[in-house]
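A.B. asks: any chance you could fold what I've pasted below:
(one chain, ligands or ions: 2)
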Amino acid sequence: VFGKSGSGKSTVTKFVCENLEGVSCRFVNLRKAKTVFGCANLILGELGEPSLKSAQGINLAIDKISIAINTSLKKEKSKLFVLVLDESDVLFYDKRGKPSDFIYKLLVMEEKLKEDGSMMTIVAISNNVVADYEIDDRVRSRIGSSEVFFAPYSKNEVLEILKDRAVAAFSKAVDPAVLEYCANLSSEEHGDARRAIDLLRVAAEIASGNGQPLATTHVDLAVEQVQKDRASLVLSTGSYHFRLVAGALAQATYVTGEVWHSTSTIYDLYKQIMRKGTKPLTYRRVSELLTEVENTGLAVSQTSSKGRYGYGTQYKLTVLPEVIGRAISTDYWKAIVARKEAVDKLKELEKGIRRLGRHSRFSL
Ligand SMILES: Nc1ncnc2c1ncn2[C@@H]1O[C@H](COP(=O)(O)OP(=O)(O)OP(=O)(O)O)[C@@H](O)[C@H]1O
Ligand SMILES: [Mg+2]
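C.D. replies: Ligands and ions are numbered 1, 2, ... in the order given. Predicted structure coming up:
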């Protein structure tokens, strides 16, 4: 199951699983895992099993998962087990943990269950298609995947979702203009229901904090607040290199005033702002990190074949660069701002000198 953020993948998949009769279902969100082994432990946890130590090996983890699934099927008297792995992208960030092998082992487990007369199906939810991930061919051909694409919501669909929520959430009716404003704002990039709901909630919190009736002005304030919260959450949980890559994009945007920046520009800047003595990641890995930045919703990308940006992918921030910069480090960002001010002053000075120069030529 794939699609952009806030397109209802998690919500709808969960809803369907909960409403399927005669099926045992476990829904595991892998976001908190750092490694493939961590993912296995999250699955075990959801099955009511204790965590294992990574030294105990992935094979034991798979065995335990398999036994727990069998037990659940017996207990729940069903023949079909559905394992939903939400935010399954996480698996592929752990290159050393051999994500491809792990999937292979899950598939083998599925086949063994079939021999025992039970069926199992795995639903993986992510922002990207399976083809985007590094999976061995032997695994890829076994997946036999059918992919379900969740298109972003239309503005009207977002509005419908908001109306439902507003009725459930507030004791008084909400001004329809407020709901429409939230729906419009959150459909600018792509119809994102989560963003719409967040905006409405935060706007209401601001309004009630001020003792005022909820109005569109509060939604404007909420946009700022949500951006800040989101950026600091994403950046505080991201790795050092993830922060650097996001910082490089923010710095390029702020310093040049340009909106789109190519992977190579960002890569060069990334290497510049890196701590002395740190080994830079490869270009390829940094472009993967840029995809991660995009997946968190802090940036969007476009791919152009020619034109002013040259070949390749360009990125554009969806939040103000200073929001990212300050979330990374206030000192870092202060230095960037000071440098830009100095450069701007220098440019003014240059202009002045040139003007004077021209002037003097005339007076000669
Ligand atoms: N069809 C819907 N009806 C009601 N609420 C919805 C619907 N779709 C999404 N929402 C709400 O929108 C929010 C975001 O949806 P959801 O978490 O399912 O998105 P997602 O596609 O999983 O996003 P991500 O890729 O970021 O995980 C949730 O709070 C959910 O309750
Ligand atoms: Mg989700």
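A.B. asks: for the residue minimising distance to the centre of the chain, what are its contacts?
C.D. replies: When Cα atoms, centre = their mean is applied to the chain, the residue found nearest the centroid is T296 (2.3 Å). Contacts for T296 (Cβ atoms under 8 Å, 6 or more residues apart in numbering) come out as 230, 234, 238. Just so you know, the C-beta spots here come from the backbone N, C-alpha and C atoms, and that holds for glycine as well.
A.B. asks: rerun that using 10 Å as the cut-off
C.D. replies: 5, 127, 230-231, 233-235, 237-238, 242, 246, 318 (Cβ atoms under 10 Å, 6 or more residues apart in numbering).
A.B. asks: quick check: pLDDT value at it.
C.D. replies: Note on T296: pLDDT of 84.
A.B. asks: give me the neighbour count for L290.
C.D. replies: 25 (other Cβ atoms under 10 Å).
A.B. asks: of the contacts of T296, closest to L52?
C.D. replies: T237 (23.9 Å; Cβ to Cβ).
A.B. asks: any idea how far the nearest residue to N156 once chain neighbours are set aside is from E160?
C.D. replies: Nearest non-adjacent residue to N156, counting by Cβ to Cβ, 6 or more residues apart in numbering: A183, 7.8 Å away. Computed as Cβ to Cβ, to the nearest Å, the A183 to E160 distance reads 9 Å.
A.B. asks: those two: which has the busier surroundings?
C.D. replies: Neighbour count, other Cβ under 10 Å: between A183 and E160, A183 has more, with 25 against 15.
A.B. asks: which SS state does the more buried one fall under?
C.D. replies: Following DSSP: H, G, I helix; E, B strand; the rest coil, the label given to A183 is helix.
A.B. asks: correct me if wrong: it contacts T216.
C.D. replies: No. With contact defined as Cβ atoms under 10 Å, A183 does not count as touching T216 (11.9 Å).
A.B. asks: tell me the pLDDT at the residue nearest to V343 when sequence neighbours are not counted?
C.D. replies: By the measure of Cβ to Cβ, 6+ apart, the closest residue to V343 outside its immediate chain neighbours is V255, 7.8 Å from it. Note for V255: predicted pLDDT of 93.
A.B. asks: again with the one 5 residues further on
C.D. replies: The pLDDT attached to W260 in the predicted structure is 94.
A.B. asks: for it, give me its contacts.
C.D. replies: So W260 contacts 252-253, 300-302, 304, 308-309, 313-317 (Cβ under 10 Å, 6+ apart).
A.B. asks: how much space separates it from ligand 1?
C.D. replies: According to Cβ to the nearest ligand atom, to the nearest Å, W260 and ligand 1 sit 23 Å apart.
A.B. asks: look at the residue nearest to V343 and say how many residues are nearby.
C.D. replies: 16.
A.B. asks: with the one 10 residues further on instead?
C.D. replies: As a burial measure, T265 scores 19 neighbours (other Cβ under 10 Å).
A.B. asks: any low-confidence regions in the stretch 101-250 of the chain?
C.D. replies: Across the stretch 101-250 of the chain, the ranges flagged by pLDDT under 70 are 145.
A.B. asks: show me where the stretch 51-200 of the chain has its strands.
C.D. replies: 80-86, 119-124, 149-150 (DSSP state E, counting those that start in this stretch).
A.B. asks: closest one to T71 among those strands?
C.D. replies: strand 80-86 (10.7 Å).
A.B. asks: listing partners with orientation, what would you give for the closest one?
C.D. replies: strand 23-29 (parallel), strand 119-124 (parallel) (DSSP bridges).
A.B. asks: show me what contacts the residue nearest to N156?
C.D. replies: Contacts for A183 (Cβ under 10 Å, 6+ apart) come out as 153-163, 191, 193, 196, 199-200.
A.B. asks: apply 8 Å and report the result again.
C.D. replies: A183 neighbours (Cβ under 8 Å, 6+ apart): 155-156, 158-159, 162, 196.
A.B. asks: need the pLDDT of G307.
C.D. replies: 59.
A.B. asks: show me what from the stretch 251-364 of the chain comes close to ligand 1.
C.D. replies: Residues of the stretch 251-364 of the chain lying close to ligand 1 (Cβ under 6 Å from any ligand atom): none.
A.B. asks: pretty sure F149 is touching K4, no?
C.D. replies: No. Here F149 lies out of contact with K4, judged by Cβ atoms under 8 Å, at a distance of 10.1 Å.
A.B. asks: between the two, which has more neighbouring residues?
C.D. replies: Neighbour comparison, F149 and K4: the larger count goes to K4, with 19 against 10 (by other Cβ under 10 Å).
A.B. asks: now the more buried one: phi and psi?
C.D. replies: Backbone torsions for K4, taken as degrees, to the nearest 10, come to phi -70, psi 170.
A.B. asks: ok, it - contacts?
C.D. replies: 127, 150, 152, 190, 192.
A.B. asks: just the pLDDT at it, thanks.
C.D. replies: 90.
A.B. asks: from L317, how far out is it?
C.D. replies: 16 Å.
A.B. asks: please name every helix or strand in contact with the helix or strand encompassing E294.
C.D. replies: Assigned by DSSP states H and E, E294 belongs to helix 283-295. When contacts are defined as 3 or more Cβ pairs under 8 Å, 6 or more residues apart in numbering; DSSP states H and E, helix 283-295 packs onto helix 240-256, helix 263-273, strand 299-304, strand 312-317.
A.B. asks: want to throw these into JSON lines with distance to G45?
C.D. replies: Formatted as JSON lines, these follow (distance: least, Cβ to Cβ, whole Å):
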{"stretch": "helix 240-256", "distance to G45": "25"}
{"stretch": "helix 263-273", "distance to G45": "36"}
{"stretch": "strand 299-304", "distance to G45": "32"}
{"stretch": "strand 312-317", "distance to G45": "35"}
